[in-house]
Every structure is written in structure tokens, then in C-alpha cells.
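In: no FASTA, just this:
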């Protein structure tokens, strides 16, 4: 790859330089209304090559002008002026804003842009003005609920990664994450240890727009990583004209919105006194501790950003931004702090022939985290009759369960508050990324542009876990009641480095042939992903397992081409083709060919609608495309490999210790998963586009699914692995509508609504043997060992809950261990399990309302989800009396669901936790955010306009689900970091 | 400054338009040329190979002469530790457990053998209500049982790794890699051991599940449905392999400690023959007795004339007990760190109640495994007075088990100890050093006596009695008379001598006492004082997950 950079550098040096200037005509170009000079305005002689552009002061010089020439003065967003030259020495021009042109939305389509009205694929765009309001720590929350077909499920932990699904994803076990392209740089979803997510390194304040390419015909140009759609993020750029400063500051108060229902101390005492043994009753304490209250608290988030944009040396638009967010979590001793600086330089040289975009970004993250699931789990389950602190405790003064000998027992949960304070986990991360884009319009052949983009993305982290020498979790090699007792604590550290490189090079040819417009692009893309991690092992224990782990490179290369043909803006055709290569597959299976085509008919440009104000926009779109999927966790599954065991897995022959070598399982034939998607859409606008929106129907089928499935025992060197099997079909309808319901001088009210229906089913799994139920999938649930509750079966949604049908008594209470014999064979076994819903919703809704009254503005956004289910793993794991009475030597708390069921024992082979009783309807309506703003414009303070905001985030949820939160991405509710309810205040100033 | 300079330069060029155009065109073609050159060199980057220092392509790995023994070490270590990084950390690529979907601790071969061979019998019961574990205590298991799934997959995993080792060490491959004659000879022995371990896994599968597929090094590695064979076919395969291995395994006693030799193959074959009636319907007691006799009289293994407890101590590889152990599964607190598998499981899980873990050389207990009333009753007393083997912990424990999940219900067992024979400490107190005695000589004594009692023509009852009394003498138990040496006595004596060594289920089935009502113990069948169970449970069900993976597998009758 080094060589490729060198070669390219050389090629760029070969690029010709060209500025044509002669000293004949001078002048200044100004804005007609403000009188301000406009830099960067094109001034040239009509029909002649060359020309010039205005400088920072609006001045220009144009040479070689002859009498009778027509001087063309043009600038994006302004009406072009054409002036006859008849020997003037100076020519001052004032340009008038072209309101029509300003309205023209330009959307990213991958390696280029098109006007929204000329787009053929299913593309949605949201720009900064329309973003969700409130305190947005990570960028994806800016668009949550806003785009039909795009589902964003955020987490509760500070800076947590959100799960984004476009049209429900398309894979079983390959990635379902969309490709995110940030200013031309495709991002990797991988993050180093101690960092939260790739998007969390970006300051939402720096983002100009999100463009979502939803269907395959639109996404195909991004090829191999675009099977789940593409999100193109564009950051704010330098502006022409005067220096602008924007400062924004927000303070948020994060409060605990909800906790898990477990027994109170008194309820628990009663349970132990009625059901426990005398030994267990003797363990009860006198305290009344709500352990969840002890670990959660109210925390203050601050978010500040300052940006300066303008032009340097008259020529060089530049934007510099510095942002800082400090977001402590509601779980004590967790926090996310990020400082970002980004700079973008966007010079335009040589009469607009050479455009250079340089962006450089630095993001520093500081994370403090916990073994969150374990801490929250132990707070849910810790005996509420025990105190937090106990006099004389050798474990930092905290209560811990001890044996009568004083020794620390191995099994009981540890005091969650002690864990928070004695288990210190911190990491810092630095992400540096930059992209250089050179766009050269050939001097001798202006219709052809050569564009090259080179980007590098480096993400490093380093962190440690230190367990205090007073912690019950510390390494204690000798028992307390023996000699030499010592608590060594624990310490391990790590560094992790990720590096991704990207290169795009393409040609773009555009030509207007009267009514026919041609826009053709062809190019090449190279992506390389690398990762290396060092870990020290537990250095306070004997023989720490120190290791450097170097991940295999992942390399992707593609050749692509696209042809856009337009006729009179009425008929638009896009054809694209991409040939993708991946290092994940063998040479025989490496290359995949993917193509797409889309056609759009702009009815509103037809004569019969052209000047119709009622139907102001009407466009029909039809598209079909294929994309490939190769993004699986196995990096080169086709290779026969051997791995060496660590110092923990050795063997001794005689007196010699040998490392062990494990031949790894492999799949020589692993190949591309392929997605084919058809999309039919209508974009509409009524009453001069006062009402706008679109409707899309899509039908996509992914085949040769890369599924991580159970391998027949004896057929491979593993019992589970990736194989290409079966297919999934996803059909859906998306609808969106936005309208300025009220629009007058004092009051505007805009409402945008979208809804999506998705029906996703597995149509084939490659196995036709009778009785085959499907492949169990998903994370292991809490309870038992290696139990899974989700299944992929033919005819059902992926990740359907696979459970027994609970039987109920006359009082509608579930009967322990009693299930319906669904297959009627006289016994209850795996054959009686059935599929009871899924975690993914059938319908999702989003509603965004903006009300402006004079200087006040008021926004709200609502989201709703229907048809999604959740598995209440907290109740299934802790909602029975034996959960509290497991041993004679310690107690633990029981979920309040015990009062609904009266279940007493864990399982005893009754598959209790696989009962459909625990599958709950998790449909919800959520008011995500309300924000009230007040703007003080320049009329009061000359220099600046100020906007003050106040609002609430995660305001309330309406749901039938009694657990913590119905919104859980994988549908399994267990030890979840709760989402905070945030009250926020902010100020934004523009100078 | 720079901008204006370059501007000037181009201004000059501009004066000759033709020239410029050519120049631009040539630049353009240079650009295209350069681009295509760059691209062709880049596509090589798609050939990615391992970069980690612990990961290799097979073909390069086996170029290293030391590599073969490392795979052999994996075949042995896999009996004890469940993954590439101790018990395995599924979150770290390359360090994941051998058996996907289960922790490396849970899926340890030895741990699962213990779970299936002991919990289902009178010798042990576990308090934990982890998933379907209670059904193993009660003989009420169903096909959807994660412990059986783990056992099935684990045994096949070992078979697959052995097959791969055999594929990688064919004579052609070794010659092609330029392996010298000396190493080739060593590898020939490694191959024989791999085949032995494969036969051992097939033996366990045949014993537990009956009808299972057979795959060998001649099968491909990929995705296909291995064809299920009858129990008798698996028997025939194991028998022929073990017979053949007598030609290629190391001579008795000539191998390093920790590695098997011909005697192990003979032992396993004797065990298979002794159970032949169960597996095939045909007795092979004569063959069993002959093999046992050969092991006892003409192998390098000697009866360990040390106190019984030495056999189960942290230094049982050096304290004199090792002369008796034909096939040890080596444990070591520093080198083989199974924290939840292997002996760590057996030790931790059997400590609880008022027992001081440090007296067992351990850091604590998991309050799981005890034994049942009926088993304790096989001994003259519960405090090892009249038989040193009956080492129970009774303080605060009741002999009766009224509640399975209460550790103090049922006597605890202190057979294994993570201390050296002299009472000094092992290397660590969290991971034991004890080697598990998979096959040992006194078992051959007992098998000889049993086969003889079952009518083996080659056996001699007098000799058998001598063996039995030699065992009992070490245990400081009363000698028995020929009249007392009945089959029932042998079953009980096997319990006393070999309990918690993963033989009990097989023994009880051979004697017809595992299921049915002829022998009852507490919680058999799920009731406090036990009840008869159905005979189809002599075979475990083919586990649901494994049928799901290979839907051509037919379930055993009754399930």
C-alpha cells in the first residue's frame, strides 16, 4: 500500500497547473441585497476556455477580452449575469440570489452528487437544520426516528454504540450494519478496546448532513459493504465570505428514569422467613438497601463546541472546530469524555479546475467504564437486607459475604457498590483521520474530471483495569484463615491500534447534449483494515498471559462504473456496475459482480403538470440492484490454519511443558452473500411543495447467506462456523410526509411523519430433512448454560423467539413446568417449542414537529414501534424463590415477577426459562425529546445572534412491558444499562 | 506567492496552444498508465495471510519440526482444558473455546465425562440447578440437554482434530516437507497416539450414545452429514483400531509420562470387550481377561505400593502412584490452567458446607457435588477406618439427601486433594496439580476378576482373588474369600476402588443396575428415596442440538 501512495503522489505531481489571467478587465462582484463582495465567483468569456474567479474581496481580473464578447458572471446560488463587453476598463457586477436554485437539494449518491430531483434511487437526506434537537452525544441520535426505513436503537451507557438498521438489514450472521461513509472515507465498524463506537468519536456539531442510500440500486455503487444500505455523512466545510463563529454550549442533567423491579428488603425478609431454611433465615440482615439506588446517580453532562469558518488568503475556505463533551453515566464511575478538533481546507485552484478538499480530524476519548452487566446484575440480585458498609470489613469497609472461617466464598455475588469503587477501568483513545480529495477538471477536456481520494483512519486506545487490594475481586493466593494471607488486587493493561486506509480514484464525464444529459463515472476503490492489540495479562498473578494479538488484514478492492442518463429532466436512467474483491474469500470465490439499474420519471416536468401548483412534484422511481456481503467475523475462513494455545493451555509430557497447536476449522468454499433488491417509489409534493414526501415499496432477497451455523459433528474441525446457506426475503413499505401546516410571518408549524412496515422471513436454510427446526442463534441467555432462545427457521423472521407454550391455572397464573404439548406426541420436549414473535418491529413510526412563534421555537419528536417482542430475562433468571435461596451460606434478591408466577425452582429440566410467559409485547410509543428555544437575533446584540434552549430527552414511554425499557436491540432484557432521562439547557451563539 | 508563480509558468505555456494540448494529453495517458500499474500491484493485497505470532497457515506451520508434537499436545490437553486460552474466552478471536456455544470450562472433556458417568449414578449428585443439570442427577434427561450436547460435540471435536493430524502427517506430506527419518519415526508414534485418542473418543460415544457416525482422516473437512453407524459398527471400528495400534504405539513403559503406549490400547480394548455384550450383544469376556492378564503380568506398569490417597494427590505423577497409571490426564496449576474444567471442576465443586477449602489445598468451594447414601453404605464405615478408600466429609453433612440443591445434604467426598502426599502445598490453590487417573492398573485387576467370574476360559479365579485382596490390602480393608468374590461384590468393589474416576455409569449398565428397579439410590428417577427408571435410559439420547446440526441422525429409542 505504501507503493500505491507514492505512485499516486507522483501522479498528482504530473497534474497540470493552469491559471489563465491577463490584465484587461477588472471589477468587483457584490451581493445585490447586502452589497457584500462575493469571493469565488466565476467570470469568463462565453464560449472561450479559461476564465477567472473573484478573490476574497470580490475583485477579479479577466484577460484577453475582445469587444463584443459576452462576459458570464456565475456563482452557485445566484442568478447568472451575462454582460456585453464593449471596452470597459472596469465592470462591477451585483448578483441576485436565485431562490429556486438555493432550494435545489443536492444529495450524495456515492462518488458524486445529484440534484434531488434527478435522483433515481431511494435516497433520504437530513441536514443540520432539521436534525433532532437536544443533547446529542453521538451523531446517530441526530436522525433517530426521522427517516423511514432507518431504525436507530441507542444504548444507555455513555457514548454507547447505537444499532442502526436500514430496511431491517439483510443477513443472518454477516454484518447487518450499514456502511458509513464520512466525507468520502468509508468507516470500519471496529473499535479498539476501551472505545465505544466509531461514530462516538465524531462531534455531532460538526455534521452538515446525513444521506441515507436505502435501496440496492442506490447503494450498489458502494458495492461490497453496502448490502445494508449506506449512510453518507458530510461534515461542515469552510465557507466563502466573512468569518463566521459559532459557539454552542449545553448542560444536561441525566437522571435515572427507571430501575428493575426486585423485592424490597421487607418483602425479601418475608420470603426468606417463609420459604428459607433456618440457616438462610439467620443470614438476613437488618438493613434496607436499594442496591440499584446505590449504584445509579444523577449526573451532569456538558457539551461545548466552537467553530470558526471563513476563507484564508482570499482563496482558501477553511473551517476549524473544537468540541468537548463530558458525559458521565448514570451508573456511578462510568463516563465518556470526548474532545474533537477538526479542520477542513477546501481550496479551489486554477479557475475552478482543481478542487481540493482536505480534512483532518482528531478525536480524543476518555472513558471510564465498569464491568457493567456484572455490576448491574449484582445490584439487581444483591440481598436488600444487607448494608452497603460493614464495620471492620477488610474489603474496604464494604459488606461482603464471608464464610464462618473468614475466608471469602467463591460463589456469592460481590457488593455492587464495592465493585464500582474498587474495580477501576479506564481507557483513553485517540482517533486521527484525514482525507484528501483532489478533483481535477481536465483543462483540454472540461467534461472530464479526475477525482482521487485518499484517506487514513487511525484509532488507538490504551487502558487498564485495576482492582484494588481491598477488593473481594482481588487475587488472594492464600486463604484468610491461613498464614501469609495477602490480597494482591489485580492489574492488567492493554493498548490497541486500528488502522484503515482508503483510496478512491475515478473519472467522471458529464455532458449536456441539448436535452440529454450524460453523467458517467468509472473508478477504483481500495480499502485496507488492520488491527493490533497488546495485553499485559494479570500482572499481579503468577505467569501473566502477556500477548500481542495481530488481526489479519482485511482488504477490499473494487472497480466500479455508473452511467446516469437524463432526458429533459423528465426521464432519468442510472446504471451501475461494480466488481468487488475481498480478502475474506479464496481466489476462486474472491470476486463478485454486482450491478444495478434505476429509472425515474419526473411527471411534474411533463407538460401536463409543469406549471401545476397543486401537484408540484411527482416522480416515479423503479430500481433494481444487487450488492454483495462479505463482512463476517471470520477474516479468512477459507484458509487452513493452526493457532497456538496460550500459556493457559499447555500440556506436559515427561517434565517438559509444550505449547499446544490447534488446527482450526475452515470452509474452503465460503463465498459472497448476495442481495438483490427491487424498489418502487413515488416522490410527491403538493401546493408548491408545501406538502412533500415519498412512498417506497421494496422487496429484497439475500441468498447464499453467510450464516454461523451448527456444523454436523465430525464434518469439520469445529461444531459451528460460517457457511453459505439459504435465503432471507424482506419486503416493506415506507411512507413519509412533511408539511408546513401553518406558515405565516409569526407562526410556522412543520410536522414530519414517517412510518415503515417490514416483513422479513427466512425462505430457505438449505436443509430439507424432515423435522429440522432451524438453527438456534443469538447470545446465550442468563439461566442454565449455553441456552439460546432465538432461532432462525424457514418461514419465520430471523431471530424468532423459540419457546414452550406456558399453561395457566384458573386464576391465570402460570403453572410451573406445564407447557402445551403442541405436537401432540404425549410428551413435552424440544418438538413442542414454537416461534413466538421476534425482537424486530413490524411497524415503526416517527413524528417530528417544529413550531416557531416569533422568537420561540418548540420541537418534539416521537417514535413508536409495534410488533416487537422482548424476552424478560431478568424475571426468567431471578423471578423464582430459589433464586434467592440458592445456597445455605448467602442470599440474593428475587425479581418482583415472583409475585405474578409463584415459581419456586430454577429449572430441574422443566425448561422454565424457555417459557413463552417471559416473551412480552414490547410495542411502545416514546416521546424522545422536547425542546423549547428562544432566539435573540442581531437586533439586540449587534455582534451575535443567540439562541437559548431547554428541553427533556427520553421524556416518557407508553408500553405494556413492565421491565426496564421495551427498547432493546437484540430483544433480550438482562442487566441492561438504563437510558437516562436528561433535562438540558443550552445556548448557541453565532458571530 | 506560490500560486502566482505557477500562474506565471502556465501563462507562458498558454501562448502555444497546440503544444499544451499534447502535453496535457500525454499527462493524461501517463495518469491512466500509472493508475493501471498501481491497480495490478494492489490486487495482490487480497491474498491475506496470518500476521499474529500465534497463528499460522497449516502448510507453513508443519514446516517446523516442533509443530507435530504441539498438535499432539493439543490432543492430550483437550481432554482437560476446553480452549486455546485456558477455559477459553469466546470474546477473543483465536482464543475461543474448542466447542462453540459453550464455555471452555463447561465443555472440558474430563468435566463432561464426570457429569455423565458420575451424576447419573449412586456415586455423585450435584446441587446446582444449572439448566438441565438436575435431570442428570435424576435420570430424567431429555434430548435438549446442553451437557449431553457438549459431551457429543467434544468427543467429535477430538476425533476431528485427530483426523486432521493424521491427514497432515501422511508419509507423502512428511517426505515433501523434508522431514528427516528420526522425526518421521517419532511422528509415527504420534500418529498412533492420535489414533488411540480417537478410538478413546469413539469408545465414549459408543458407550454413551450408541449409534454415532464414524469419520476418519479419509473424510473431507467441510460441511456434510456424516453417516450414522450402529453401535456394533462403532464397536468393530474401535476394536480394529485398537488391535492395529498394538503394532505402532510405543512399547509398554517406553513413552514419556503423560503419553500412552501399547498398554493403554490393550486396556481400552479390554474395557471394550468387557462391555461387549452391552455394545453388540455378544460376550467377549475371554478376550478381556486375556488382555488384562497381559497388562498385569507383562507390562511396565506396577501396582503402586503406596497409600491409596497418594494416587489422588497433587504429586501423583511423582509420589510413587504413577507406576500404576496407564493413562493419566495431566493437570498442572501453572501450565494447564483449567479454572472451571478438569480437576478444577471436580475439586471446587466438591467443596462446601463447613469444609475448609484450604484443608483440600484449594481456595474455596462451589458447593456442588456430594455422594449418595447408598454409595456410602458400600463402605464398612463413613470415616475410612476399616477401608481407607471411604474418605467422606461428614461434619455438618447429613447422609440423607432430602434436598438435592443443599450441599450439606449427602456426604461430601475427599478422595482428591490438591496437596502433595507429604501434606505440602501444590503450586497454586485455585488450579489443581492433580493428574486424573483415566486408566489404572487396579482397574485391570478388577476387570480380570470380573471377566473370570463371567466365565472367561483364560481366567483363573485364584489369581483373581489374589488381585482383589492386593487392592484391599492397600486400602487396609479385610481380605475376602473366594466364596465372597461374586459379581455383585465386584460391582461394589469397583465402586469402592474406582469411584469418581468416570467408570460408574458404564459399570452399572454392564451389571444391569443402572436403570430399572434392581438397584435404587436416592433421587434416582427424581424421588427422594429413588424409583425405577426405564431401561431405554441405558443409552443417552442423541442431543437435540447435534441432531439439528446433522438431521440425518436417528434418535435413540425411547426419547
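Out: Perfect, I can see it now. Keep in mind the model is a prediction, meaning the values are calculated, not measured.
In: Tell me which other helices or strands the lengthiest helix in chain B touches.
Out: Criterion DSSP state H: the longest helix present in chain B is helix B:181-209. Judged by 3 or more CB pairs under 8 Å, 6 or more residues apart in numbering or on different chains; DSSP states H and E, the packing partners of helix B:181-209 are helix B:67-77, helix B:146-168, helix B:171-176, helix B:231-245, helix B:262-274. Backbone N, C-alpha and C define where each C-beta goes, glycine included.
In: and residue 335, what is it in contact with?
Out: In the absence of a named chain, this looks at chain A. Shown in contact with residue A:335 (CB atoms under 8 Å, 6 or more residues apart in numbering or on different chains): A:158, A:299, A:326-329, A:366-368.
In: Wait, chain B was what I had in mind.
Out: Applying CB under 8 Å, 6+ apart, we find residue B:335 in contact with A:647, A:650-652, A:657.
In: Let me know the pLDDT of it.
Out: Note on residue B:335: pLDDT of 92.
In: Just list the residues touching whichever residue of the stretch 351-500 of chain A sits closest to chain B, thanks.
Out: Residue nearest to chain B within the stretch 351-500 of chain A (CB to the nearest CB): residue A:410, separated by 3.8 Å. Contacts for residue A:410 (CB under 8 Å, 6+ apart) come out as B:348, B:363-366.
In: Out of the contacts of residue A:335, list just those in strands.
Out: Of the contacts of residue A:335, the ones assigned to strands by DSSP state E are A:299, A:326-328, A:366-368.
In: Run through the bridge partners of residue A:433.
Out: Beta bridges link residue A:433 to residue A:361, residue A:457 when assigned by DSSP bridges.
In: I figured it was touching residue A:456, is that so?
Out: Yes: with contact defined as CB atoms under 8 Å, residue A:433 reaches residue A:456; the gap is 6.7 Å.
In: Residue B:462 in helix, strand or coil?
Out: Of the three states, residue B:462 takes helix under DSSP: H, G, I helix; E, B strand; the rest coil.
In: Quick one: the helices in the stretch 51-200 of chain A, in order.
Out: A:99-103 (DSSP state H, counting those that start in this stretch).
In: Enumerate the residues of the stretch 201-350 of chain B near chain A.
Out: Listed as neighbours of chain A in the stretch 201-350 of chain B under the rule CB under 8 Å from any CB of the partner chain: B:213-215, B:219, B:221-226, B:256-259, B:330, B:332, B:334-337, B:348.
In: Count the neighbours of the nearest residue in space to residue A:742 that is not next to it in sequence for me.
Out: Of all residues not flanking residue A:742 in the chain, residue A:749 sits nearest, at 4.2 Å (CB to CB, 6 or more residues apart in numbering or on different chains). Residue A:749 has 16 neighbouring residues, counting by other CB atoms under 10 Å in any protein chain shown.
In: For residue A:749, which three-state class applies?
Out: With three-state DSSP as the basis, residue A:749 sits in strand.
In: Contact partners for the residue in chain A positioned nearest to chain B?
Out: When scored by CB to the nearest CB, chain A has residue A:784 as its residue closest to chain B, at 2.6 Å. Residue A:784 makes contact with A:907, A:913, B:130-132, B:146, according to CB under 8 Å, 6+ apart.
In: Could I get the full set of strands for the stretch 651-800 of chain A?
Out: For the stretch 651-800 of chain A, strands defined by DSSP state E, counting those that start in this stretch occupy the ranges A:656-659, A:661-663, A:673-686, A:691-703, A:706-710, A:720-724, A:727-743, A:747-764, A:775-777, A:790-792, A:800-803.
In: Nearest to residue A:837 among the ones you listed would be which one?
Out: Among the strands of the stretch 651-800 of chain A, strand A:800-803 comes nearest to residue A:837, with 5.6 Å by CB to CB.
In: List the pairing partners of the helix or strand following the closest one within its sheet, with orientation.
Out: Using DSSP states H and E, the helix or strand that directly follows strand A:800-803 along the chain is strand A:806-808. Strand A:806-808 pairs in its sheet with strand A:814-819 (antiparallel), by DSSP bridges.
In: Centre of the chain to the helix or strand following the strand it pairs with, how far?
Out: With elements assigned by DSSP H and E, the helix or strand that comes after strand A:814-819 is strand A:834-838. Relative to its parent chain, strand A:834-838 has a centroid offset of 27 Å by CA atoms, centre = their mean, to the nearest Å.
In: near chain B, anything from strand A:834-838?
Out: No: using CB under 8 Å from any CB, strand A:834-838 stays clear of chain B, coming no nearer than 14.1 Å.
In: go on, stretch A:379-397?
Out: No: taking CB under 8 Å from any CB as the criterion, stretch A:379-397 and chain B are apart, separated by no less than 15.1 Å.
In: and that stretch, what's its mean pLDDT?
Out: pLDDT averaged over stretch A:379-397 gives 95.
In: Pull up the distance across it, start to finish.
Out: Terminal residues of stretch A:379-397 are spaced 18 Å apart (CA to CA, to the nearest Å).
In: Check which residues of that stretch are buried.
Out: A:379-386, A:388, A:390, A:393, A:395-396 (16 or more other CB atoms under 10 Å in any protein chain shown).
In: Closest to residue B:155 out of the residues you listed?
Out: Taking the buried residues of stretch A:379-397 together and measuring to residue B:155 by CB to CB, the closest member is residue A:381, at 35.7 Å.
In: Apart from its chain neighbours, what residue comes closest to the closest one?
Out: Leaving aside its sequence neighbours, residue A:381 sits nearest to residue A:892 (CB to CB, 6+ apart; 4.5 Å).
In: How about residue B:454?
Out: Going by CB to CB, 6+ apart, residue B:454 has residue B:285 as its nearest residue, at 4.4 Å.
In: Surely that neighbour is in contact with residue B:455?
Out: Yes: judged on CB under 8 Å, residue B:285 makes contact with residue B:455 at a distance of 5.9 Å.
In: Comparing those two, which residue is more hemmed in?
Out: Per other CB under 10 Å, whichever of residue B:285 and residue B:455 has more neighbours is residue B:285, with 22 against 11.
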